[in-house]
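In: kindly return the folded structure for what I paste below:
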Amino acid sequence: PISQGRLESLINFQTLVCELTGMEVANSSLLDEGSAAAEAMAMIARTVNSKAKNQFFISERVHPQTIDLLTLRAKYFGIELIV
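Out: Numbers count the residues shown, from 1 in each chain. Prediction:
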């Protein structure tokens, strides 16, 4: 029941963000920084023309473990990660 309530809250928040911003998609499952960053990168990869845009920029000030996770995920999306 608790996890179902959390999922419902997340979908409601995503829906609200979409309605307020006019965006087609929104992401709110921020389980931790690394997962959130990887989900954001994956969402962007699915919404842009991947043949024309295959680079993802990330600040060098981001936590090293987050950069490591993004590097791993970027590899499978065919994205060049630029730090």
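In: quick check, pLDDT for Thr47.
Out: Note on Thr47: pLDDT of 80.
In: now it: how far from Ala40?
Out: Distance from Thr47 to Ala40, counting by Cβ to Cβ, to the nearest Å: 11 Å. C-beta: built from backbone N, CA, C; applies to glycine.
In: settle it for me: which of those two has more neighbours?
Out: Ala40 (14 against 11; other Cβ atoms under 10 Å).
In: just checking, that one touches Glu33?
Out: No - Ala40 is not in contact with Glu33 according to Cβ atoms under 8 Å; the separation is 10.6 Å.
In: what number of residues lie near Arg73?
Out: Neighbours around Arg73, by other Cβ under 10 Å: 20.
In: ok, now which ones touch it?
Out: If a contact means Cβ atoms under 8 Å, 6 or more residues apart in numbering, then Arg73 has 38, 41-42 as its contacts.
In: can you give me the helices in the protein?
Out: 2-21, 33-47, 64-77 (DSSP state H).
In: wait, which of these is closest to Lys53?
Out: Set against Lys53 and scored by Cβ to Cβ, these come closest in helix 33-47, at 8.8 Å.
In: which helices and strands does that closest one pack with?
Out: With contacts taken as 3 or more Cβ pairs under 8 Å, 6 or more residues apart in numbering; DSSP states H and E, helix 33-47 sits against strand 55-57, helix 64-77.
In: could you pull out the buried residues of it?
Out: 34, 37-39, 41-42, 44-45 (16 or more other Cβ atoms under 10 Å).
In: picking up where we left off before, return the most buried member of the helices and strands packed on helix 33-47.
Out: helix 64-77 (a mean of 15; mean count of other Cβ atoms under 10 Å).
In: quick one, that helix and helix 33-47 angle?
Out: Per axes from the mean of the first three to the mean of the last three Cα atoms, to 10 degrees, the angle that helix 64-77 makes with helix 33-47 is 30 degrees.
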